[in-house]
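K.L.:
Have a look; sequence and predicted model below, questions after that.
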Amino acid sequence: MATSIRIAALLLIGLVLGCQPAGTPVPQDVIPIPDLIRQDLETIVQTNQVGSEMVTIDENLTKLAETEPEKAEALRKEYDKLNSPGGSPAAKAKKMMSKL
């Protein structure tokens, strides 16, 4: 009888301890949007080619427009030039980086 009471008490303690909320959540490292754009532009400067970075730059410009619309608009003009054929992608990316 005493053994079954002990087992029931241990199960109850385990249930109570196991159902407590998790600890304090750790915030994720958030990289500022201009830094994300700069990273993609640096890749274009190094390779002198445009690629999948253009998709992420486009997405990040859209996000930037929510907080800094003027800056995003100026960068969008440079993005359109970078996305157009002709000229050196590296030179166009450097010019866009100067606007960051």
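P.N.:
Cool, the structure landed.
K.L.:
roughly how far apart are the residue most central in space within the chain and residue 60?
P.N.:
The centre of the chain sits closest to residue 31, judged by CA atoms, centre = their mean, with a distance of 6.2 Å. Separation of residue 31 from residue 60 (CB to CB, to the nearest Å) stands at 10 Å. Bear in mind the C-beta positions are built from the backbone N, C-alpha and C, glycine included.
K.L.:
Ok, residue 93 next?
P.N.:
14 Å.
K.L.:
Show me which of the two is the more surrounded one.
P.N.:
residue 93 (26 against 21; other CB atoms under 10 Å).
K.L.:
so which strand or helix has the more buried one?
P.N.:
helix 89-98 (DSSP states H and E).
K.L.:
could I have that helix exported to CSV, CA atoms only?
P.N.:
C-alpha atoms of helix 89-98 as CSV (Å, rounded to 0.1, in the frame of the first residue of the first chain):
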residue,chain,number,x,y,z
PRO,A,89,27.1,43.8,-62.7
ALA,A,90,30.0,44.4,-60.2
ALA,A,91,30.1,48.1,-61.0
LYS,A,92,26.3,48.4,-60.8
ALA,A,93,26.3,46.5,-57.4
LYS,A,94,29.0,48.8,-56.1
LYS,A,95,26.9,51.9,-57.0
MET,A,96,23.9,50.3,-55.3
MET,A,97,26.0,49.6,-52.2
SER,A,98,27.0,53.3,-52.0
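K.L.:
Can you tell me which helices and strands that helix packs against?
P.N.:
On a contact count with 3 or more CB pairs under 8 Å, 6 or more residues apart in numbering; DSSP states H and E, helix 89-98 meets helix 33-47, helix 69-83.
K.L.:
taking the mean pLDDT, what do you get for stretch 93-100?
P.N.:
For stretch 93-100, mean pLDDT is 94.
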